[in-house]
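Asker: One predicted model, sequence on top.
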Amino acid sequence: MTLRIELVVTQGTFALDGGAWDVENNVWVIGNDDEALVVDAAHDADAILEAVGDRRLTAVVCTHAHNDHINAAVEVAEKTGAPVFLHLDDRLLWSHTHPDYSPSYVCDQRRIPIAGTEVEVLHTPGHTPGAISLYLPELHTVLTGDTLFAGGPGATGRSFSDFPTIIRSVRDRLLTLPPHTAVLTGHGPSTTIADEAPHLHEWIARGH
């Protein structure tokens with residue numbers, strides 16, 4: 001059975017530091033005909049569960065704990081019995097949205113099995129302390145959450161974020177992946193490592 005990655009776009013609100021913004025989020029479903037793994041359960045649990053269908057949901061993985069990436073995670077988990085995975089360094093951010101639910105914590109280089117392959121956790125902090133990317137060598141794909149977009153690294157102007165840290169994460173953990181690697185992002189269009197790598201020094205200059 002063919003391993004595939006499907007996209008569900010959901011709409012909602014991102015809230016932090018006293019502000020709120022309307023956003024569209026990319027929710028990724030990795031799997032085959034029998035089982036699936038959800039990355040960043042955002043806003044609309046029903047739409048996510050519809051995409052999963054009758055497959056067994058093995059996990060809900062959060063690339064980071066901003067509310068717009070996790071606000072449907074607990075509902076999806078409780079309706080399916082799947083665990084929620086999050087990096088330990090985002091536990092404080094998580095508690096802002098889900099104070100009464102404890103996820104399971106993952107660390108760098110953890111491998112999460114799905115449909116006969118493994119998703120490798122890459123700790124890529126900067127957008128948040130516990131931001132992770134998810135690498136699937138078999139599919140030549142990395143899911144970067146809000147760490148790397150088409151056009152540059154994610155925002156670092158709010159609480160819990162740091163620009164030099166995100167630059168190190170992008171430079172050392174993502175741009176070192178094979179150039180043909182597809183980059184599936186938390187918002188907006190996808191890109192590739194080859195398309196983004198030449199612009200690293202531009203991003204650094206722009207951030208100062």
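Answerer: Yep, it's here. Keep in mind that this is a model prediction, so the values were computed, not measured.
Asker: just checking, what packs against the one helix or strand in the chain whose mean pLDDT sits lowest?
Answerer: Of all helical and strand segments in the chain, the minimum by mean pLDDT, DSSP states H and E falls on helix 200-206, at a mean of 91. Counting contacts by 3 or more C-beta pairs under 8 Å, 6 or more residues apart in numbering; DSSP states H and E, helix 200-206 is packed against strand 152-153, helix 163-169. The C-beta positions use only the backbone N, C-alpha and C, and glycine is treated the same way.
Asker: Apply 6 Å and report the result again.
Answerer: Packed against helix 200-206 by the contact rule (3 or more C-beta pairs under 6 Å, 6 or more residues apart in numbering; DSSP states H and E) you find no helix or strand.
Asker: which other residues reach that helix?
Answerer: Contacts of helix 200-206 with the rest of the structure, by C-beta atoms under 6 Å, 6 or more residues apart in numbering, involve Gly152, Pro153, Ile167.
Asker: cool, stretch 153-163 as well?
Answerer: So stretch 153-163 is contacted by Leu16, Asp17, Gly126, His127, Thr128, Pro129, Asp146, Thr147, Ile166, Val170, Trp203, Gly207 (C-beta under 6 Å, 6+ apart).
Asker: 8 Å - rerun?
Answerer: Residues from elsewhere that reach stretch 153-163 (C-beta atoms under 8 Å, 6 or more residues apart in numbering): 16-17, 92-93, 125-129, 131, 145-148, 165-167, 170, 186, 203, 207.
Asker: Got a quick ChimeraX command for the buried subset of these?
Answerer: Listed next is the ChimeraX selection for buried residues among these, using 16 or more other C-beta atoms under 10 Å:
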select :16,93,125,126,127,128,129,131,145,146,147,148,165,166,167,170,186,203
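Asker: And the helices in this protein?
Answerer: Counting by DSSP state H, residue ranges of the helices within the chain are 45-52, 67-70, 73-80, 91-97, 163-169, 193-196, 200-206.
Asker: Return the most buried member of the ones you listed.
Answerer: Ranked by mean neighbour count under mean count of other C-beta atoms under 10 Å, the helices of the chain are led by helix 67-70, which reaches a mean of 26.
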